[in-house]
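Colleague: sharing a model prediction with you, sequence too.
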Amino acid sequence: MTISTSRDTADDVRARATVWRLAAAQALGGANSAVIFATGAIVGATLAPSVSLATVPISVYVVGLACGTLPVGIISRAYGRRVAFILGSGAGALCGVLGAIAILEGSFALFCCATFFGGLYGAVAQSYRFAAADGASAAYRPKAVSWVMAGGVFAGVLGPQLVQWTMDVWPPYLFACSFAAQAIVALIAMALLATVDAPKPAPADMTGGRPLLEIVRQPRFVAAAICGVVSYSMMNLVMTSAPLAMQMCGLSLSDSNFGIQWHVVAMYGPSFFTGSLIVRFGAPRVVAVGLALEAVAAIIGLSGITAMHFWVGLVVLGVGWNFGFIGASALVLESHRPQERNKVQAFNDFLVFGVMAVGSFASGQLLAHYGWSTVNTVVFPPVVLGLGFLIVAGVAKRRAAQRAVLSSHIV
């Protein structure tokens, strides 16, 4: 017991050093998505042939997220996570360069290409939370995930402020300089990630483990994946539409930037204590609270269209996403063994962002043809579905525990 405890302590010391670097990389990488979400629909409405296509660049970003998840797992498994991190930040720099050129040239197609590369960068950034848990003790893993996600607090400040400071630098090309600045931030992240201690997996970790189908059929994993899908997809649906909806309601760009800024802060701010809440109350309870808060955010969105309604709704939505998504990530960590981590984590993220990509394309159509109220109303059925799967998984876990107890008594 003493040897095991000492080993866990030593592993956690190494993990903490990695966590701080990954948290800083999360802050820099999160600026990429913050810039895209704050500007994508507005630039899209300017460049697209129809306003109903305004959110397509953000949807393409989500497609990039989905397309990048499985390659990230493959590259991490073959060459180590650090190689995947550096390639991802390179894609982020390319996003900024292409985005600036697209705005200068007035090319909608090129702008969508830019956001696709931004999505690839985002896919790699999503793996930071799992990388933080590599080698850590079971007790420290939820906290490691949570602390890395806390780096997004600074992204919530950096991204929107980057937009605010640079959006008018190259008139009349609104936001062109914002994307150029984002490319520089991605290069800084690349330099930081080159120092992360994330070596190539040991040969022993490359073999063994259960088949993927066996792992993903576990009620625990199914609930984790469904809740991850619901929490992220519903947050994305509302957040994607919000800047354009605010503009359609006669609110200013400053109002929109302010709302997105505090939404991103709310997404990541609770991460300073979400891990501790998971350790104390369990991941399922934290996920359930997160899903409930997303429903509350939708209710706020339905109750009015003033700036305050948008701001408060986006903040509540962000907190709900934090609890729902980090809790679901903790459930994923409970469902696999160390040698199975890359394939299971990549598959989980593929499910989350694949479904999110499909839903993201619908957000612009919902807003353009049915309005902001419909966007919010759509949130409720998936939230109920996620809560239902959590209940089923909890029942299955209790029954498995009871069978284990009966078996031990028989023996």
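Modeller: Structure received.

Colleague: show me where the stretch 101-250 of the chain has its helices.
Modeller: Along the stretch 101-250 of the chain, counting by DSSP state H, counting those that start in this stretch, helices occupy 108-126, 128-133, 141-150, 152-166, 176-193, 203-206, 212-216, 219-248.

Colleague: from Ala132, how far out is Tyr140?
Modeller: Separation of Tyr140 from Ala132 (Cβ to Cβ, to the nearest Å) stands at 9 Å. To be clear about C-beta, it is placed using only N, CA and C from the backbone, and glycine gets the same treatment.

Colleague: quickly list what's touching both of the two.
Modeller: Contact with both Tyr140 and Ala132 is made by residues Ala15, according to Cβ atoms under 8 Å, 6 or more residues apart in numbering.

Colleague: those two: which is more packed in?
Modeller: More crowded of Tyr140 and Ala132, by other Cβ atoms under 10 Å: Ala132, with 29 against 22.

Colleague: give me the angle between the helix or strand encompassing Gly327 and helix 219-248.
Modeller: In this assignment (DSSP states H and E), Gly327 forms part of helix 307-334. Counting by axes from the mean of the first three to the mean of the last three Cα atoms, to 10 degrees, helix 307-334 lies at 160 degrees to helix 219-248.

Colleague: just how off-centre is helix 307-334 within its chain?
Modeller: With Cα atoms, centre = their mean, to the nearest Å as the basis, helix 307-334 stands 10 Å off its chain's centre.

Colleague: could you say what helices and strands whichever helix or strand comes after that helix packs with?
Modeller: Later in the chain than helix 307-334, the nearest helix or strand by DSSP H and E is helix 341-370. If you count contacts as 3 or more Cβ pairs under 8 Å, 6 or more residues apart in numbering; DSSP states H and E, helix 341-370 packs onto helix 56-79, helix 108-126, helix 212-216, helix 219-248, helix 307-334, helix 372-377.

Colleague: which strands or helices does the following helix or strand past the last one pack on?
Modeller: Right, helix 372-377. Following helix 372-377 in sequence order, the next helix or strand is helix 380-410 (DSSP H and E). Other helices and strands packing on helix 380-410, by 3+ Cβ pairs under 8 Å, 6+ apart, are helix 219-248, helix 283-302.

Colleague: quick one on the thing from earlier: rebuild the helices of the stretch 101-250 of the chain as a markdown table, extending it with distance to Arg337.
Modeller: Conversion of the helices of the stretch 101-250 of the chain to a markdown table gives the following (distance: least, Cβ to Cβ, whole Å):
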| stretch | distance to Arg337 |
| --- | --- |
| helix 108-126 | 21 |
| helix 128-133 | 13 |
| helix 141-150 | 13 |
| helix 152-166 | 28 |
| helix 176-193 | 26 |
| helix 203-206 | 10 |
| helix 212-216 | 9 |
| helix 219-248 | 12 |
